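> 3D model of this:
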Amino acid sequence: MNIFLIVAVVLVVIIIGIYNSLIGRKNQVENAFASIDALLKKRYDLIPNLVSTVKNYMQHERGTLTEITELRAKATSGQLSSEDKIALENKLSRVYRGIMVAVENYPDLKASQNFLQLEKTLNEIEEQISAARRAYNASVTDFNNSVEMFPTSVFASMMNFKRKQLFEIPEAERQNVNVGDLFKK
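Got it, this is the predicted structure:
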């Protein structure tokens, strides 16, 4: 009888440990994603300043400025799933990099104190977003391992936990940069 009681207590402790570890990992992923959301909000708040600063100089890039504004509005709507936010974030990063490359054609803009300060702030936020993405991906990998590895996978499926999507770089952005082309511009 004592052996049965000891085995039952050990099993309950193991089940509680597995449950708590899965919940902890799930919450860790949500916390990491919330950190990214906070940084993206800072970036989205700076975008109108960037657009208004650049607008006077970049008349023919108006389409790019419009696209940035539309992406920002969609991102701040609050109606996106985590996966949609990741896809939109990747697209916004691509468009943002494109506008920063286009700025090279405007020496007066590059010399503007407002633009320089804005560019510095945006670069700092981009670095913070990059670090937050790495932290998020680490949390997601840890969570995904728990969801897929035995014995936690059994409990994860009972709790209806599914794999989470990593922040990944789109294939087009994985290409090597041709430094020679940068000097030709």
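> Against which helices or strands is the strand or helix carrying Glu30 packed?
Using DSSP states H and E, Glu30 maps to helix 2-55. Applying 3 or more CB pairs under 8 Å, 6 or more residues apart in numbering; DSSP states H and E, one finds that helix 2-55 contacts helix 62-75, helix 82-102, helix 113-148, helix 152-158. No exception for glycine: its C-beta is placed from N, CA and C like everyone else's.
> of the ones you listed, which approaches Val9 most closely?
Minimum separation from Val9 across these (CB to CB) falls at helix 152-158, 18.2 Å.
> other SSEs contacting that closest one?
Helix 152-158 packs on helix 2-55, helix 113-148, going by 3+ CB pairs under 8 Å, 6+ apart.
> hmm, 6 Å instead?
Helix 152-158 sits against helix 2-55, with contacts defined as 3 or more CB pairs under 6 Å, 6 or more residues apart in numbering; DSSP states H and E.
> how much space is there between Ala132 and Val29?
12 Å (CB to CB, to the nearest Å).
> same deal with Gln117?
Going from Gln117 to Val29 by CB to CB gives 35 Å.
> out of the two, which sits in the busier spot?
Val29 (21 against 12; other CB atoms under 10 Å).
> quick one: contacts for the more buried one?
Residues counted as contacts of Val29 (CB atoms under 6 Å, 6 or more residues apart in numbering) are Ser139, Val140, Phe143, Lys164.
> Please name whichever of these scores lowest on pLDDT.
The member of these with the lowest pLDDT is Lys164, at 92.
> Name the SS class of it, please.
Three-state call for Lys164 (DSSP: H, G, I helix; E, B strand; the rest coil): coil.
> Low-confidence stretches in the protein?
By pLDDT under 70, the low-scoring segments of the chain are 55-62, 110-111, 170-185.
> Swap in 80 and give it another go.
For the chain, the stretches with pLDDT under 80 are 47, 49-66, 68, 78, 94-115, 168-185.
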